[in-house]
Each structure stands twice: as structure tokens, then as C-alpha cells.
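Undergrad: sequence and predicted structure below; questions after.
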Amino acid sequence: MPKYKPNNDRYDLMDYRRSGLSGILLPEISLGLWHNFGDVDDPKVFKETLHYAFDAGITHFDLANNYGPPPGSAEENFGKILKKSLKSFRDELIISTKAGYRMWEGPYGEWGSKKYLVSSLDQSLKRMQLDYVDIFYSHRYDPDTPLEETMDTLDLMVRQGKALYVGISNYNPQQTKDAIHILKKNGTPFIIHQPRYNLLDREPEAGLLEIIEKENIGCIPYSPLAQGILSSKYLEGVPENSRAGSPHGFLQTAQLTPEVLNKVKALYEIAEQRGQTLAQMAVAWLLSKPVVTSVLVGAKNKQQLREILRSRENVAFNSKELNQIDKISKGRKLKA
């Protein structure tokens, strides 16, 4: 097999946005490895997807310790591809990982203790065969560990050279404000927040986005397609090869209620009028917001990623479209 050579024009194909007040520019579209890169997936396909992403100017790849399945396998598989075909381009990449959800058994295998976070990042670096990650996240707030301990540990990771920058994910507005205060006091390079945010989940608009904007922190929404609900694939039932049809996915058919599907159908009609797929409109809607630095997408293969990248062709929404979208999408929150 010929050696991988990236597209020479890749940086002309993507626009980049600054993450807060940091020196880091992130691509408008970043690739998340939550799904599709585990040991249950086809390594030929996910390698092709990673190469296609880099060829398209995507420089940011987002992981977590427990991505797979099984947990850890996404990092291992990414590390193998990185070593084989992308190692010489390491300085062109932003690689992030996270810890917070259950990774191993016992009282030290999840949440936000120093014990767990230090052990987790060390394991992640080994799996990916890296000396450091560019961004290390606290994946969720720990109600039973002092926030100072969690944030001080993020600071420690930077001072030890295991992470260049830090971020948080799934923190509510008050938790975010408290984290910002501690990290500022420590002088920690806190540059980004990763919330769940999409057309069907507008919770970040209830205070979080305002704090992110005021504090000049980057914002990278995950699950922009609500794990595929914001596409046309579920309008006529549940395909066998979809996330809802997979025994490994987090999306369950119980989430595809008549209420949700009615919203999806109405949003689909707006997307059609815009000349976009619903998935493209969902990503474009996020990119239209100044507070958003990058949108974190998943892709089953390079064909899916190619279609998502086309969302960047039209990110302008008129007031009528926005009013229609608000009327349709504001309602009860979908559970993750």
C-alpha cells in the first residue's frame, strides 16, 4: 500500500477560528472519535476517514479515555494510525482527550479526583503513543470532589508537560464560573468548553453561552446532530446500520418519540428550502453563532464527513428562518 501523503491544499479548504483569547486556532469542523473508531468498527474505514479529514483541513481530533467500544480502543486505534501515517504531522495537529466517566472498576475509576485524572491521562498517552495532548478536559463535574482538586489537577497536567491547554465539558453555568475562577487564580491555560448543544438541545443558551462569551473562552459543541436524530435517516423508521439500530450506541429507539420526529420533520422542511440536508443545516446553525469556535462532528465514513463539511457553504440564516427554527426546536431537552 502506498505511503499516505496529505493533500497539499488542505489549509485552503478550511477556515479556522481562535479559541477564546488563546493562540490556538481550531478548524470550523473538528472530528470526534466518540463513535466509529472502536475495536467493533472497521479499521480500514476509520483510517480512511481520518486521512480524509486531514486532507480537508481538519486538524483537531477529539477523544476521551472511554471511547470505543471497548473503552480505550478509540485512543489505541487512533494512536496506531497516528504512528503509521500522521506522526510526521504531529505539530500540525490538535489532539484532545478527556476523563470523567467510568473507565475502570473501583472507587478511583471515574469522576474528578486527582488520583483518577492523573492515572487516566497517563493511560491515554500510552494508548495514543504520545508525549502530550494539546487539550485535556475534565469530562464532567464531580459533586463529591472539591472543584479545587479537579482544577488543580488540570493545572498540574500542564505544568508536567502532559497537556498544553485544558478545558471542561458538561459543566453547568455556575460550575463553569467556579472553574474559571480557580483556573484563573492558578494561571492555567483554560481555553475551551465542550457542551452538548444542538437544535433539539438548547440548554447552553440558559446562561452557559453568556459566560463563555463574557470570559473569552472557546466553545466546541458536541453532538450537533443529536447522535443522528437531526438527519433524515429516522424519518421512515430505524435503519439496521444506524446508531439507534446498533447494540453499541448510546442512542436508543425510545428517544425517537412522535414529538421528536415531528420536530425533525419540520426542521427538515426548512433545510430543504435552504438547499441543505438537515444535518448540514444543523451544523451550519451552530457555525452561525459567534460564540462557537468549532463544531465537533462524528462520521461513520468519509462520505458522511464530506456531506457534513458542505454545511460550511451556507451558514447565513435570515430572521424568518431563525424564528421558525426557534418555534420548532425549543421544547423539552433530549437526554444524552
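TA: Cool, got the structure. Numbers count the residues shown, from 1 in each chain.
Undergrad: report the distance from stretch 120-130 to the chain centre.
TA: Put simply, stretch 120-130 sits 19 Å off its chain's centre (CA atoms, centre = their mean, to the nearest Å).
Undergrad: before we move on, what about stretch 306-326?
TA: 20 Å.
Undergrad: ends of it, how far apart?
TA: Terminal residues of stretch 306-326 lie 27 Å apart, using CA to CA, to the nearest Å.
Undergrad: what of stretch 200-208?
TA: Stretch 200-208: ends 16 Å apart by CA to CA.
Undergrad: other residues contacting that stretch?
TA: Stretch 200-208 has contacts (CB atoms under 8 Å, 6 or more residues apart in numbering) with 172-173, 176, 193, 195-197, 221, 223, 226, 229-230, 260, 263, 329-330, 333-334. Placement of C-beta: from N, CA and C, glycine included.
Undergrad: and stretch 144-155, by the same measure?
TA: 111-114, 117-118, 136, 138, 141-142, 163, 166, 175, 178-179, 182-183, 186-188, 190.
Undergrad: show only the entries of those found in helices.
TA: 114, 117-118, 175, 178-179, 182-183, 186 (DSSP state H).
Undergrad: want to try JSON lines for those, with neighbour count, distance to residue 202 and pLDDT as columns?
TA: Converted to JSON lines, the ones in helices among the contacts of stretch 144-155 look like this (neighbours: other CB atoms under 10 Å; distance: CB to CB, whole Å; pLDDT from 0 to 100):
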{"residue": "114", "neighbour count": "14", "distance to residue 202": "34", "pLDDT": "98"}
{"residue": "117", "neighbour count": "27", "distance to residue 202": "30", "pLDDT": "98"}
{"residue": "118", "neighbour count": "16", "distance to residue 202": "35", "pLDDT": "98"}
{"residue": "175", "neighbour count": "18", "distance to residue 202": "19", "pLDDT": "98"}
{"residue": "178", "neighbour count": "15", "distance to residue 202": "23", "pLDDT": "98"}
{"residue": "179", "neighbour count": "25", "distance to residue 202": "22", "pLDDT": "98"}
{"residue": "182", "neighbour count": "19", "distance to residue 202": "28", "pLDDT": "98"}
{"residue": "183", "neighbour count": "22", "distance to residue 202": "26", "pLDDT": "98"}
{"residue": "186", "neighbour count": "18", "distance to residue 202": "32", "pLDDT": "98"}
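Undergrad: looking at those residues, which is nearest residue 320?
TA: Comparing the ones in helices among the contacts of stretch 144-155 against residue 320 with CB to CB places residue 175 closest, at 36.2 Å.
Undergrad: hmm, the closest one is touching residue 141, no?
TA: Yes. Counting by CB atoms under 8 Å, residue 175 touches residue 141, with 4.7 Å between them.
Undergrad: re the thing from before, put the buried members of the contacts of stretch 200-208 into a ChimeraX selection.
TA: Remark: buried members of the contacts of stretch 200-208, expressed as a ChimeraX selection using 16 or more other CB atoms under 10 Å:
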select :173,176,193,195,196,197,221,223,226,229,230,260,263,329,334
